[in-house]
Structures are given as C-alpha cells and as structure tokens.
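[1] compute the structure for the input listed below.
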Amino acid sequence: MHYVGYAPLVAAVGNAGAIGCITALTQPTPEALQKEIRTCKALTKKPFGVNLTLLPALQPPNYEAFAQVVEDEMASGQLRMIETAGHFRGLEPFVKKFKAAGAFVIHKCVTIRHAKSAEKIGVDMISMDGFDCAGHPGEADIGNWVLFAKAAKELKIPFVASGGCADGKQL
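    Sure thing, here's the model as predicted:
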C-alpha cells in the first residue's frame with residue numbers, strides 16, 4: 001500500500017485488533033523509515049509489520065540499508081512481521097537476516113513457482129496474489145481462484161488469499 005502505509009494508519013489498524021504494515025519504500029531514506037517506525041511505536045503498543053518490496057530499478061534504493069533499519073527496530077519486540085515482495089539480487093539474504101532477528105516473514109507471490117522458491121528459503125507464510133488482486137499482480141495473469149486452489153494443494157506452509165474476494169463467502 002505504497003503512499004498509504006504510514007504510522008497513523010498502521011497504528012490504528014493495530015489498535016483495532018489487526019496487524020498493519022508500514023511500507024518501507026514510501027519513505028525516501030532509511031532514516032525516514034526509522035522515524036516512521038518509531039512514530040508507529042509511539043502511537044500503539046500493539047505489534048505491527050513493515051513491507052519491503054525488492055524490485056529491480058534503474059536507480060534501486062539501498063535495500064540493505066532499509067533492511068538494516070527494520071532489523072535494528074525489531075529489538076523492541078513490537079515490530080514482528082516483515083512482508084517481502086520481489087527478489088532484487090536475491091530474496092534469500094533478506095529472509096535469513098529477518099528470520100535471524102526473530103521476524104515472521106510473509107512473502108508476496110503471484111505464481112506457485114515463486115511461492116515454492118520462497119518456501120524453500122524459509123519464509124513463514126505466503127501472500128498469494130492473483131490477477132484479481134489490487135496493486136501490481138505480477139505478469140502471469142493467473143486468477144485468484146485458480147491460484148488459491150493450486151496453492152492449497154502444493155504449498156507446505158500457510159498462505160493468505162490476497163485480494164479479489166467480494167465478501168468472503170467464496171473462501
């Protein structure tokens with residue numbers, strides 16, 4: 001939720017009983033991300049997460065520095081969950097870093113092949129995003145209901161059905 005996942009919304013979600021995520025790359029610098037995480041900690045005592053999307057770009061951000069801020073801020077115990085997406089220069093080093101710091105890692109995937117790769121490197125859960133999902137649903141154009149059924153058969157770790165659900169009856 002780029003340009004939406006700021007501390008006030010994330011804290012409100014936590015205070016309402018759910019878990020929200022600060023979007024790391026909404027922040028212009030790692031230092032700004034640290035400030036946003038600390039603002040969230042001041043607004044709620046509930047757990048929350050950070051989304052770090054790792055995508056190739058002509059001028060990629062310093063992903064390692066953003067990841068270090070996340071790891072450093074996990075020491076309080078309030079920041080517990082990391083959602084990753086993409087795989088810029090490899091997802092595995094980031095997963096290992098976050099897992100070593102005690103994070104629950106959810107990786108966003110748009111194909112079963114990507115989900116199985118993420119499962120193999122140790123993520124805890126998959127956010128399965130089909131073509132019906134909002135945002136950037138990848139390039140495979142696989143609909144949610146095909147993707148979710150296949151994920152249920154092939155994945156060994158839990159997954160969450162992300163987006164494209166009208167009222168939950170189809171779940």
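[2] CA atoms for contacts and neighbours, from now on please.
    Fine.
[3] need the helices for the chain, in chain order.
    Using DSSP state H, the helices of the chain run over residues 7-15, 30-43, 63-73, 92-100, 112-121, 144-154.
[4] and of those, who's closest to Asp132?
    Comparison of the helices of the chain against Asp132 by Cα to Cα identifies helix 144-154 as nearest, at 6.0 Å.
[5] how close does the closest residue to Ala151 other than its chain neighbours get to Lys99?
    Of all residues beyond its chain neighbours, the one nearest Ala151 is Ile112 (6.3 Å), with distances taken as Cα to Cα, 6 or more residues apart in numbering. Separation of Ile112 from Lys99 (Cα to Cα, to the nearest Å): 22 Å.
[6] ok, now Lys150?
    If you go by Cα to Cα, the gap between Lys150 and Lys99 works out to 27 Å.
[7] before we move on, what about Pro61?
    22 Å.
[8] same question, Ala32
    If you go by Cα to Cα, the gap between Ala32 and Lys99 works out to 23 Å.
[9] can you check Thr23 too?
    As for Thr23, its distance to Lys99 is 19 Å (criterion: Cα to Cα).
[10] and the closest residue to Trp145 other than its chain neighbours, what does it touch?
    Counting by Cα to Cα, 6+ apart, the nearest residue to Trp145 once its immediate chain neighbours are dropped is Gly130, at 7.9 Å. Under the criterion of Cα atoms under 8 Å, 6 or more residues apart in numbering, the contact list for Gly130 reads 110-111, 137, 141-145, 147, 162-164.
[11] what's the burial count for Phe159?
    Number of residues near Phe159 (other Cα atoms under 10 Å) recorded here: 20.
[12] who's in contact with it?
    Residues in contact with Phe159 (Cα under 8 Å, 6+ apart) are 125-128, 151.
[13] again with Cys21
    For Cys21, the contact set (Cα under 8 Å, 6+ apart) comprises 5, 10, 48-51, 83.
[14] any idea how far the residue nearest to Ala151 lies from Leu33?
    Between Ile112 and Leu33 the distance, using Cα to Cα, works out to 31 Å.
[15] go on, Tyr6?
    From Tyr6 to Leu33 the distance is 10 Å (Cα to Cα).
[16] got the confidence number for the spatially most central residue of the chain?
    In the chain, the C-alpha nearest the mean C-alpha coordinate belongs to Glu83, at 1.7 Å (Cα atoms, centre = their mean). At Glu83, the pLDDT value in this model is 95.
[17] what does Lys169 give?
    Lys169 is given a pLDDT of 70.
[18] who's more crowded, Ile112 and Leu33?
    For Ile112 versus Leu33, the count of surrounding residues by other Cα under 10 Å is larger for Leu33: 23 against 17.
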